[in-house]
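Q: Model the following, please.
(2 chains)
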Number of protein chains: 2
Amino acid sequence: MRNIKVVLEYEGTAYSGFQVQTNAKTIQEQVEVALKELTGENIRIVGSGRTDAGVHARGQVISFFTNSRIPADRFAPALNSCLPADIRALESAEAAQDFHARFSAREKTYRYLILNRRAPSALLRNLAYWIPERLDIKAMDLCAEELVGTHDFRAFMSTGSLVKTTVRTVIESRVQRLGDEGLVEFRITANGFLYNMVRIMAGTLIQIGLRRLDPGVIRQMLETGNRDLGGPTAPARGLYLESVRY
Amino acid sequence: MRNIKVVLEYEGTAYSGFQVQTNAKTIQEQVEVALKELTGENIRIVGSGRTDAGVHARGQVISFFTNSRIPADRFAPALNSCLPADIRALESAEAAQDFHARFSAREKTYRYLILNRRAPSALLRNLAYWIPERLDIKAMDLCAEELVGTHDFRAFMSTGSLVKTTVRTVIESRVQRLGDEGLVEFRITANGFLYNMVRIMAGTLIQIGLRRLDPGVIRQMLETGNRDLGGPTAPARGLYLESVRY
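A: Here you go, the predicted structure:
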């Protein structure tokens, strides 16, 4: 069987996340239904990771095995003829037999998008988290930089997660304005992410930007592992899985 | 009665345009229902212009008369508590008695957003017009500049429109890339616009960018008034009413 890799972009608003669940509309289910339509096969796809309900992706990677004779690069356009418009296949290619979208991933990049302006936005209502009070972007960026390196990130994980280790290596972490219309981006690259890690980081950086939390809180969280020191988990609609490196 | 001016942002996707119609969901209707809820009055609003089905606004201006005692600057947040999330009031203020959102308008700016990249986008599916073939942006910008000035724009008007004159003055007209992810913007400011004018211009500039129409076609259209020389009317989803000056 051939192993096919596909890069997906999706708007998560209408979905209960990536992973298949009973009685819930998910990205995985939509893609598997589309693949069934294309190939006639019952294909189980693997994603680079699960995105939660309402979370978006600009470069989610999936892989799956198939006996279909569709040329590898034609899977993307063929899928787009079957998928709903809020899920698009950007590209597709044949992968090595041992390629696994999740286990082969070496680094991932997420971004969290904030709209920091007085008035709310109709156009970005599902695509960014609106913060009307002025954010101190400089302070947020300085604190974001403190996340870089190999640390125990258990203070940036929602409780109830089962993982062997909470140590991860963050390669890049920064906060910057995008253009001059109030968009602010928190972008982070790491060798792996804990459950809700980016949304807890974003929520904590926002409280620092609002001067409701001391800039020292990031270091304290890394040192003590105490989730309660941080800000609330930021809402799903600002989060994007940007890309996965293999 | 007080005359109130409100600036609106909306995503036009779910609406049959701005103007009230029987058996159709429109922006005007939604705002008038919200104002009824807020004031108890049957208020008729006036917009700076009608936007068509699927067309967006980032700075549509409306005005209306009311006896309500709501402070003028509170109308925006109060409206937002009643309006659907795809329509937002950005700001509100008291206007002079003779202010009229449509007749007092001196200039308007529209933009037409194109996504020029190989793969379609899930996130921008309703917010930009996807052109997968590479566009010659330089050629488009040079042609866009030829629209500047006072001209008879009847070649850039859909038939069936009833207007006294088809002469308009274009103050600014340009095509440029926005960022490095394939977004291209056609931005135009004029003292007034004919029906479908921006969408016909955008459709023609796109054909020039694809080298399917000669760059001389803009001048020919201005000289001959012949609509048939231009490209097809570009779809509504790329069009935004950006701002109105008074």
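
Q: Look up how far A:I171 lies from A:I208.
A: Going from A:I208 to A:I171 by C-beta to C-beta, to the nearest Å gives 21 Å. Backbone N, C-alpha and C define where each C-beta goes, glycine included.

Q: between the two, who's got more neighbours?
A: Shown here are A:I208 and A:I171; by other C-beta atoms under 10 Å in any protein chain shown, A:I208 has more neighbours (24 against 13).

Q: what about the residue of chain A most remote from its centre, distance to A:G225?
A: Within chain A, A:R69 marks the point farthest from the mean C-alpha position, 31.7 Å out by C-alpha atoms, centre = their mean. Computed as C-beta to C-beta, the A:R69 to A:G225 distance reads 52 Å.

Q: got it, and A:T39?
A: 47 Å.

Q: again with A:R118
A: 37 Å.

Q: Those two: which has the busier surroundings?
A: A:G225 (16 against 12).

Q: quick one, phi/psi of that one?
A: phi 70, psi 20 (degrees, to the nearest 10).

Q: ok so, going back, is it true that the residue farthest from the centre of chain A lies in a helix?
A: No. Counting by DSSP: H, G, I helix; E, B strand; the rest coil, A:R69 is not part of a helix but coil.

Q: Just the local confidence number for it, please.
A: Note on A:R69: pLDDT of 95.

Q: Could you confirm A:S63 falls within a helix?
A: No. Counting by three-state DSSP, A:S63 falls outside a helix, being strand.

Q: How about it: which residues does it bridge to?
A: A:K5, A:V46 (DSSP bridges).

Q: Burial check on it, number of neighbours?
A: For A:S63, which is what you asked about, the neighbour count (other C-beta under 10 Å) is 19.

Q: A:G17 now?
A: 19.

Q: same check, this time on A:R44
A: Neighbour count for A:R44, taken as other C-beta under 10 Å: 11.

Q: I figured it hits A:T66, correct?
A: No. With contact defined as C-beta atoms under 8 Å, A:R44 and A:T66 do not form a contacting pair (10.6 Å).

Q: Let me see the domain layout of chain A.
A: With domains defined by automatic domain parsing, chain A comprises A:2-95, A:107-245.

Q: now those domains as JSON lines including distance to B:P84?
A: Supplementary listing: those in JSON lines, determined by distance: least, C-beta to C-beta, whole Å:
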{"stretch": "domain A:2-95", "distance to B:P84": "14"}
{"stretch": "domain A:107-245", "distance to B:P84": "9"}
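
Q: For A:V184, give the beta-bridge partners.
A: Beta-bridge partners of A:V184, counted by DSSP bridges, are A:I114, A:R177.

Q: these two touch, right, it and A:L178?
A: Yes. Between A:V184 and A:L178 there is a contact under C-beta under 8 Å: 7.0 Å.

Q: Against A:I137, how distant is A:G49?
A: Taking C-beta to C-beta, one finds A:G49 at 28 Å from A:I137.

Q: Sorry, slip of the keys, the one I care about is A:E242.
A: 19 Å.

Q: same deal with A:L213?
A: Going from A:L213 to A:I137 by C-beta to C-beta gives 15 Å.

Q: out of these two, which sits in the more crowded spot?
A: A:L213 (20 against 16).

Q: so is that one in a helix, a strand, or just coil?
A: Quick answer, by three-state DSSP: A:L213 is coil.

Q: ok, it touching A:G231?
A: Yes. Contact criterion C-beta under 8 Å: A:L213 and A:G231 qualify, at 6.1 Å.

Q: Show me whatever sits in contact with both of these two.
A: Residues touching both A:L213 and A:G231 (C-beta atoms under 8 Å, 6 or more residues apart in numbering or on different chains): A:T204, A:Q207.

Q: Who are the contact partners of A:L115?
A: By C-beta under 8 Å, 6+ apart, A:L115 lies in contact with A:S121, A:L124, A:A128, A:Y129, A:W130, A:I131, A:G182, A:L183, A:V184.

Q: For the nearest residue to A:R111 once chain neighbours are set aside, list the residues it contacts.
A: Using C-beta to C-beta, 6 or more residues apart in numbering or on different chains and skipping the chain neighbours, the partner closest in space to A:R111 is A:R187 (4.6 Å). When contacts are counted by C-beta under 8 Å, 6+ apart, A:R187 touches A:T109, A:Y110, A:R111, A:Y112, A:E172, A:S173, A:R174, A:V175, A:Q176, A:E242.

Q: so what's the fourth one scoring on pLDDT?
A: Spelled out, it's A:Y112. 98.

Q: contacting residues for it?
A: A:Y129, A:E185, A:F186, A:R187, A:V198, A:R199, A:M201, A:A202, A:A234, A:G238, A:L239, A:Y240.

Q: That one belongs to a helix, doesn't it?
A: No. Counting by three-state DSSP, A:Y112 is not found in a helix; it is strand.

Q: Please report how far it lies from B:I87.
A: A:Y112 sits 26 Å away from B:I87, going by C-beta to C-beta.

Q: Now A:I188: which helix or strand?
A: Secondary structure from DSSP states H and E places A:I188 in strand A:183-190.

Q: before we move on, back to that, type out the PyMOL command that picks the buried ones from the contacts of A:R187.
A: Buried members of the contacts of A:R187, defined by 16 or more other C-beta atoms under 10 Å in any protein chain shown, are picked up in PyMOL with:
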select buried, chain A and resi 109+110+111+112+173+174+175+242
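
Q: Going by distance to chain B, which of the contacts of A:R187 wins?
A: A:E242 (11.2 Å; C-beta to the nearest C-beta).

Q: nearest spatial neighbour of that closest one, skipping sequence neighbours?
A: Using C-beta to C-beta, 6+ apart, the nearest residue to A:E242 is A:T109, at 4.2 Å.

Q: what does A:G230 give?
A: In space, and not counting its chain neighbours, A:G230 is closest to A:T204: 4.0 Å by C-beta to C-beta, 6+ apart.

Q: quick one: contacts for the one you found?
A: A:F156, A:L213, A:V217, A:I218, A:M221, A:G230, A:G231.

Q: pLDDT at the closest residue to A:N226 other than its chain neighbours, what is it?
A: Closest residue to A:N226 in three dimensions, ignoring its sequence neighbours and counting by C-beta to C-beta, 6+ apart: A:A155, at 5.5 Å. Looking at A:A155, its pLDDT reads 97.
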